[in-house]
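**Student:** okay, sequence plus prediction incoming.
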Amino acid sequence: MVAAPLGFASGLLEDFPHISTTDVKSDIPIFLISGRNLLDSPQGVNPFGNQRSTNPTPHLAIAKVAVGEGLSREHIINETLSSESGIRKTRFELKEINLFPTLPIDHFTLNHSECNNEDHPWISELRQQLDRSRQRTIAIYVHGFNTKLIPNTEFAAAMSHFGGREGAVVSYEWPSLGSISAYAADKGNAEYSTRVFRGVIANLAKETGADQVNIVAHSAGCPIVVNALKELRLTYKDLNPDQLNEKFRISRVALAAPDMDLMTFYNGVFDRFYEATGGVAVYASSADKALDFSANMFRAERLGTAVDDLKPWEKEAMLRAGKIEMIDVSVPEQNSRGWVGHTYYYRNTWVSSDLFSFLSGKSPEERMLVRQDGEIFWGFPENFPELRLNF
């Protein structure tokens with residue numbers, strides 16, 4: 001059972017958009033781009049395994065996720081808008097996955113300039129989803145380490161639901177083995193998946209007619225996103241930021257608990273990966289035990305735990321970049337921290353509230369975050385709920 005409703009169903013969030021006319025009982029389509037292997041004899045609805053596909057061309061599928069089966073529309077709406085804590089009855093349950101033909105990709109020319117696949121059935125379905133929406137926005141979810149496709153897909157559906165069911169959600173399923181003992185293999189698969197993801201973000205808006213593309217990445221999925229954006233920036237080094245935005249329409253990028261070498265991230269900053277976006281938010285916690293484990297393994301600091309630990313030159317680089325928000329979640333984590341402290345981006349109502357507001361285009365000040373003069377990290381004030389509700 002995906003835990004997203006516990007984090008996203010919060011009175012801190014803006015009113016659920018258009019809830020009076022939204023069919024909250026309808027299934028949510030999630031558009032899958034998967035680097036996982038296909039099973040010869042799948043059990044249940046999931047045709048994918050946890051291994052890496054032997055073909056570099058990703059599989060395409062559309063999943064259907066049911067919401068609150070057996071519950072009334074009123075019950076689902078009440079739980080969606082409720083700020084009360086506790087166990088909720090609204091469940092997100094994967095019902096089916098329909099495979100589509102793969103795209104005819106020339107891997108030597110990933111960033112083609114013309115729309116070549118607008119008649120492809122998967123692309124056509126995605127276009128139709130955008131046509132039915134008030135906003136032609138695509139949100140891409142990039143999962144982290146030790147995850148499996150079914151809970152990832154159900155989480156993506158929860159993200160769509162609590163985001164107002166606007167636009168379309170794509171889940172980029174890089175091949176995590178779904179085992180805590182397979183950390184090294186997962187990091188290798190994530191690194192391998194970077195180039196394919198670059199091809200996705202280079203072509204998605206162009207092929208689908210989307211006005212903008214937002215990206216939410218977690219943990220080991222964050223280096224995939226940063227490095228793909230860096231490669232895109234370097235590939236099109238002659239374009240200025242406005243031209244990059246017009247070409248790829250990548251808007252907001254949220255990096256939650258990023259399991260990424262801090263110095264590797266700064267390599268991306270120096271190569272100006274952020275110029276391929278409309279803004280980047282990095283959510284970090286000094287109490288993230290999962291990233292402490294990663295830091296001990298690699299003998300290098302992780303981006304997701306770099307709170308109050310940046311050197312002067314690192315602070316200067318952040319100030320010079322300008323489009324990167326560093327956000328310290330220590331205050332909300334003190335109020336509701338799990339033992340590991342790695343999934344606050346959806347389990348903590350304060351953080352999930354801020355993440356959605358960031359994706360909607362609001363500045364840190366508009367989101368009621370605070371920052372001391374001369375500091376890099378934005379933080380949550382102790383009275384954050386009251387400020388948000390009053391605002």
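**Tutor:** Arrived safely.

**Student:** check which helix or strand covers the spatially most central residue of the chain.
**Tutor:** Most central in the chain under CA atoms, centre = their mean is Val216, positioned 1.7 Å from the mean C-alpha point. Assigned by DSSP states H and E, Val216 falls within strand 212-218.

**Student:** may I have whichever helix or strand comes after that strand exported as PDB, CA atoms only?
**Tutor:** Under the assignment DSSP H and E, the closest C-terminal helix or strand after strand 212-218 is helix 222-235. What follows is the C-alpha trace of helix 222-235 in PDB, where atoms were taken according to Å, rounded to 0.1, in the frame of the first residue of the first chain:
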ATOM      1  CA  CYS A 222      18.200  12.300  -8.500                       C
ATOM      2  CA  PRO A 223      21.600  11.700 -10.100                       C
ATOM      3  CA  ILE A 224      19.800  10.400 -13.200                       C
ATOM      4  CA  VAL A 225      17.900  13.700 -13.500                       C
ATOM      5  CA  VAL A 226      20.900  16.000 -12.700                       C
ATOM      6  CA  ASN A 227      23.300  14.200 -15.000                       C
ATOM      7  CA  ALA A 228      20.800  14.000 -17.900                       C
ATOM      8  CA  LEU A 229      20.100  17.700 -17.600                       C
ATOM      9  CA  LYS A 230      23.800  18.400 -17.500                       C
ATOM     10  CA  GLU A 231      24.300  16.300 -20.700                       C
ATOM     11  CA  LEU A 232      21.500  18.200 -22.300                       C
ATOM     12  CA  ARG A 233      23.000  21.500 -21.400                       C
ATOM     13  CA  LEU A 234      26.400  20.500 -22.800                       C
ATOM     14  CA  THR A 235      24.900  19.100 -25.900                       C
END
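
**Student:** which of the residues in helix 222-235 are buried?
**Tutor:** Residues of helix 222-235 classed as buried: Cys222, Pro223, Ile224, Val225, Val226, Asn227, Ala228, Leu229, Lys230, Glu231, Leu232, Arg233 (neighbour count, 16 or more other CB atoms under 10 Å). To be clear about C-beta, it is placed using only N, CA and C from the backbone, and glycine gets the same treatment.

**Student:** what sits against the last one?
**Tutor:** To tie it back to what came earlier, the one meant is Arg233. Leu244, Asp271, Arg272, Phe273, Glu275, Ala276 (CB atoms under 8 Å, 6 or more residues apart in numbering).

**Student:** next one: the third one
**Tutor:** Taking CB under 8 Å, 6+ apart as the contact definition, Ile224 lies against Val142, Tyr172, Trp174, Ala190, Glu191, Ser193, Thr194, Phe197, Ala217.

**Student:** the fourth one: which element?
**Tutor:** By that I understand Ala190. Short version, using DSSP H and E: Ala190 is in helix 183-192.

**Student:** swap in the second one?
**Tutor:** Mapping Tyr172 onto the secondary structure by DSSP H and E places it in strand 168-173.

**Student:** identify the residues contacting that strand?
**Tutor:** For strand 168-173, contacts defined as CB under 8 Å, 6+ apart pick out 28-36, 48, 63, 126, 129-130, 133, 137-143, 149, 152-153, 156-157, 159-160, 193, 197, 200, 204, 208, 210, 221, 224.

**Student:** now do that strand and strand 212-218, the angle between them.
**Tutor:** 40 degrees (axes from the mean of the first three to the mean of the last three CA atoms, to 10 degrees).

**Student:** next one: strand 168-173 to chain centre, how far?
**Tutor:** Mean-position distance between strand 168-173 and its chain equals 9 Å (CA atoms, centre = their mean, to the nearest Å).

**Student:** for it, give the mean pLDDT please.
**Tutor:** The predicted model assigns strand 168-173 a mean pLDDT of 98.

**Student:** doesn't Tyr274 make contact with Ala321?
**Tutor:** Yes - with contact defined as CB atoms under 8 Å, Ala321 reaches Tyr274; the gap is 5.7 Å.

**Student:** give me the more crowded residue out of these two.
**Tutor:** Ranked by neighbour count (other CB atoms under 10 Å), Ala321 and Tyr274 place Tyr274 first, with 21 against 17.

**Student:** need the nearest residue in space to the more buried one, chain neighbours excluded.
**Tutor:** Leaving aside its sequence neighbours, Tyr274 sits nearest to Lys323 (CB to CB, 6 or more residues apart in numbering; 4.5 Å).

**Student:** residues near that neighbour, how many?
**Tutor:** Neighbour number of Lys323 under other CB under 10 Å is 16.

**Student:** identify the residues contacting it.
**Tutor:** By CB under 8 Å, 6+ apart, the contact set of Lys323 is Tyr274, Glu275, Thr277, Gly278, Gly279, Val280.

**Student:** please convert these to TSV, extending it with pLDDT, distance to Glu96 and secondary structure.
**Tutor:** Compiled in TSV, those are given as follows (pLDDT from 0 to 100; distance: CB to CB, whole Å; DSSP: H, G, I helix; E, B strand; the rest coil):
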residue	pLDDT	distance to Glu96	secondary structure
Tyr274	98	38	helix
Glu275	98	40	helix
Thr277	98	33	coil
Gly278	97	34	coil
Gly279	97	36	strand
Val280	98	35	strand
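
**Student:** can you redo these as CSV with distance to Arg388?
**Tutor:** Shown next, in CSV, are the contacts of Lys323 (distance: CB to CB, whole Å):
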residue, distance to Arg388
Tyr274, 27
Glu275, 31
Thr277, 25
Gly278, 23
Gly279, 20
Val280, 22
